[in-house]
Structures are given as structure tokens and as C-alpha cells.
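*Asks:* Dropping the sequence and predicted coords here.
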Amino acid sequence: MPQFIENIAVPTKMTTEKSKRWNIFKWGCLAAAFIFLLYRLICFQHYEQLISQFKELSFWKTWFLWGVMLLLPANWLLESVKWQRLVRNSEKIDITSAFHSVMAGFLTAFFTPNRVGEVAGRIAFLQPENRKAGVTLSLVNSATQNIIMAVCGIPAAVIFFLNSKNSEYLGKSNLLGYFVMVGVILLLLSSIYFSLPKLVGRIKQKKSSAKWISYISCLTDYSFTDLLKILLLSFLRYLVFSFQFYLMLRFFGVEITGLAAAIAIPTTYLFVTFTPSMAFSEAAIRSSYSVLVIGAFSGQTVQVILASTFIWIVNFVVPMLVGSFVLMQTHPIATNK
């Protein structure tokens, strides 16, 4: 693990030099985040449509937006509970610390490919001796959400493509074969996920002296039931942010039925999740896929882009800003090693 990651934790005593490095990191993240948001505001090309949308806003449509915002705490709570349950075999943390970890993770994920930097924010609130386990558990946390994305998204994507004009030139047989292959891989990954405790246990017996064993040895403490509960929490969170997206689409006047949304939204999330990207570029990628998939059902390109952009702001930019505040209160400490 990088020395910098090992030397971060919640507020306590610190050296002057370490304090300077930490402050540079914190303010650098914050400045970069706000510069990017300013850039997005300058480059945004749909202000006229956005203003027109709000001018035509009816009383009943505001309830869709209220629904999105009311589900936001549920989204955060589920992720915080999931993280708390994941780390409890290594360290007992309260829900507040878990929430701080999750929010800090949003910020540190902002500048890294596929949000891998989330690890640094998550482990900042663990004791030094538990951070190696925290690295692995953070990766497991991300893996469970990706498994749910794939489980829900692959069947939806198959239905979408096999019943769309795209299937004419993609080739139904080739496309179906592709998704069958992905489905088989998904089953294998799910099997590996539930076999992790036994797999790691066997590795520990054969490679007990290897340094990297200390990172994964924590996985032997989890039962099938523990892993299943984490997966179920990931599924509940998936339902929450998928419904948020649907409500945001309705808020911006996208005409889409519940059945169409049940196909289009999981397909969109599947493509976004498994497309390599930086977190700060995800808005553009999400909009592109949303237009491709959801636009096929509604034909309302601008409204789909607005809905996609705003749900990204609600579910990523807002917690990132909260994470900025959390990290402002966080200081490095020396490890006990």
C-alpha cells in the first residue's frame, strides 16, 4: 500500500511536514473539483432548454424532483450501512464514521479511472492497523455493486438490443452469443465472490509468508450469509438510484413507460459501469448512453441529456461536495508500525 494512504486517518496529532502535505492534497482535490464543475457549467449547451423546462414546470412535476431528493438520504444510508457491515469484522465503526468514509470516498474517487481512488477516502476513517483490510474490503464493496449492475443490466440489454433497430446491423445471433458469454462470466464471478473466504483460506495456508496476504486475510472472516447480505444491500441501493433516475426523467418531461424504463435504465447503467472512465467525465458518458438507450424509447434527446446530467449531479457531485467538507476535517497521523 502507498505510504500516503497508510498515513491518513481521522483528526489527531500530526507533524508540521505531514500536515502541509495533507493540506495540499485536500485543497488540491477541492480546487480541482470546483474547477471541473465550473468547466462543466461553462461548456453546458442546454441552458435555453433548461430555463424553458423550469418555466413550463407544473406543480405536479415538482413532486418527481422531491422524490429524487427524498431518496438521496436512503441512497447514502444504504451505502453507509453496507460499508459498516463490511468492515465490522476488522473494526467496529458507528454509522456516522461509515457515512464520513463513504462521502470522503466520493471525493477521492473523482480523479481516478473507474473510481479506484475511492479506497483512500474509505480507509481514512479506519485505524492504521486495519487499513490493509480496508483496501480489500473497499474493492469488495465496489465489486458487489458491479455484480448487481451486471445481473440486472445484462438481461435488460439483451431485451433492448433484440427488440431494437440496432439488432438489424449488430446481428441478433452474434449479439445473443455475446451476452450469453458475458452471462457465463458473470456466473463465474458470482461463484468466486461467494467462494472468497474458502479461496483466501487455502491461499493463506500455501502462501502464509507473502506480504500481500495481510491485505486479503480479512476475507476469511465472512460467511456465505455475510456476503449475501452485502449483495442484498447493493441491490436495494441499486433500486433506489434507478428509481431516482426514473423520477428525474419524468421531472424533465421524458415520456417513458415503467416497463420501458425497467429495460432502458439498467441497460444504461450497465454500459456506464463497464466503460473505463474518469469519474469527472462520467456525466458525458452517462448522457451519451442515455441518449442511445432511453432516447430509443422517447426520442426526446435534450430532455434525456438534462435528466442524465442532473441525476449525476445529485448522486455524485452533491456527495462529492459533502466529501470535500468531511476531508477538510481529516488529518494524517503516523501509523503504529
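*Replies:* That came in fine, so what should we check first? Numbering: from 1, shown residues only.
*Asks:* Report how far apart the opening and closing residues of stretch 215-232 are.
*Replies:* 25 Å (Cα to Cα, to the nearest Å).
*Asks:* can you give me how far it is from the chain middle?
*Replies:* Chain-centre distance of stretch 215-232: 19 Å, with Cα atoms, centre = their mean, to the nearest Å.
*Asks:* Likewise for stretch 67-78?
*Replies:* With Cα atoms, centre = their mean, you get 14 Å for stretch 67-78.
*Asks:* for it, which positions count as buried?
*Replies:* By 16 or more other Cβ atoms under 10 Å, the buried positions in stretch 67-78 come out as Gly67, Val68, Leu71, Leu72, Ala74, Asn75, Trp76, Leu77, Leu78. C-beta here means a position set from N, CA and C on the backbone, and glycine is covered the same way.
*Asks:* So which of those are in helices?
*Replies:* Within the buried residues of stretch 67-78, residues falling in helices by DSSP state H are Gly67, Val68, Leu71, Leu72, Ala74, Asn75, Trp76, Leu77, Leu78.
*Asks:* Just the closest of these to Ile311, please.
*Replies:* The closest of those to Ile311 turns out to be Val68 (Cβ to Cβ; 7.3 Å).
*Asks:* wait, isn't that closest one in contact with Met248?
*Replies:* Yes: counting by Cβ atoms under 8 Å, Met248 is a contact partner of Val68 at 5.5 Å.
*Asks:* Residue ranges in the stretch 51-200 of the chain under the pLDDT threshold?
*Replies:* Filtered on pLDDT under 70, the stretch 51-200 of the chain yields the residue ranges 51-59, 111, 164-176, 178-179.
*Asks:* how does it look with 80?
*Replies:* 51-61, 110-117, 124, 161-183, 185-187, 189 (pLDDT under 80).
*Asks:* Do a quick rundown of the helices in it.
*Replies:* Using DSSP state H, counting those that start in this stretch, the helices of the stretch 51-200 of the chain run over residues 59-87, 95-109, 118-123, 131-162, 166-170, 172-206.
*Asks:* so which of these gets nearest Cys218?
*Replies:* Nearest of the helices of the stretch 51-200 of the chain to Cys218, taken as Cβ to Cβ: helix 131-162 at 3.8 Å.
*Asks:* buried set for that closest one?
*Replies:* Neighbour counts over helix 131-162 (16+ other Cβ under 10 Å) mark 131-158, 160-161 as buried.
*Asks:* circling back to that earlier point, between the buried residues of stretch 67-78, which is nearest Ile185?
*Replies:* Closest approach to Ile185 among the buried residues of stretch 67-78 (Cβ to Cβ): Leu78, at 26.7 Å.
*Asks:* just checking, Ser101 touches Phe125?
*Replies:* Yes: between Ser101 and Phe125 there is a contact under Cβ under 8 Å: 4.5 Å.
*Asks:* Find residues that contact each of these two.
*Replies:* Residues touching both Ser101 and Phe125 (Cβ atoms under 8 Å, 6 or more residues apart in numbering) are Ile93.
*Asks:* For Leu292, find the nearest of the helices of the stretch 51-200 of the chain.
*Replies:* Closest approach to Leu292 among those (Cβ to Cβ): helix 166-170, 8.7 Å.
*Asks:* how many other residues sit next to the closest residue to Gly153 other than its chain neighbours?
*Replies:* Distance criterion Cβ to Cβ, 6 or more residues apart in numbering; nearest residue to Gly153, sequence neighbours excluded, is Leu270 at 2.7 Å. Using other Cβ atoms under 10 Å, Leu270 has 24 neighbouring residues.
*Asks:* for Leu270, helix, strand, or coil?
*Replies:* helix (DSSP: H, G, I helix; E, B strand; the rest coil).
*Asks:* My guess is it contacts Ile154. True?
*Replies:* Yes: using Cβ under 8 Å, Leu270 makes contact with Ile154 at a distance of 6.6 Å.
*Asks:* Which residue comes closest to Asp62 once chain neighbours are left out?
*Replies:* Not quite, residue 62 is Thr, not Asp. Phe251 (8.0 Å).
*Asks:* Next one: that neighbour relative to Leu292, how far apart?
*Replies:* In this view, Phe251 and Leu292 are 21 Å apart by Cβ to Cβ, to the nearest Å.
*Asks:* Look at the two and report which has more neighbours.
*Replies:* Higher neighbour count among Phe251 and Leu292: Phe251, with 23 against 17, using other Cβ under 10 Å.
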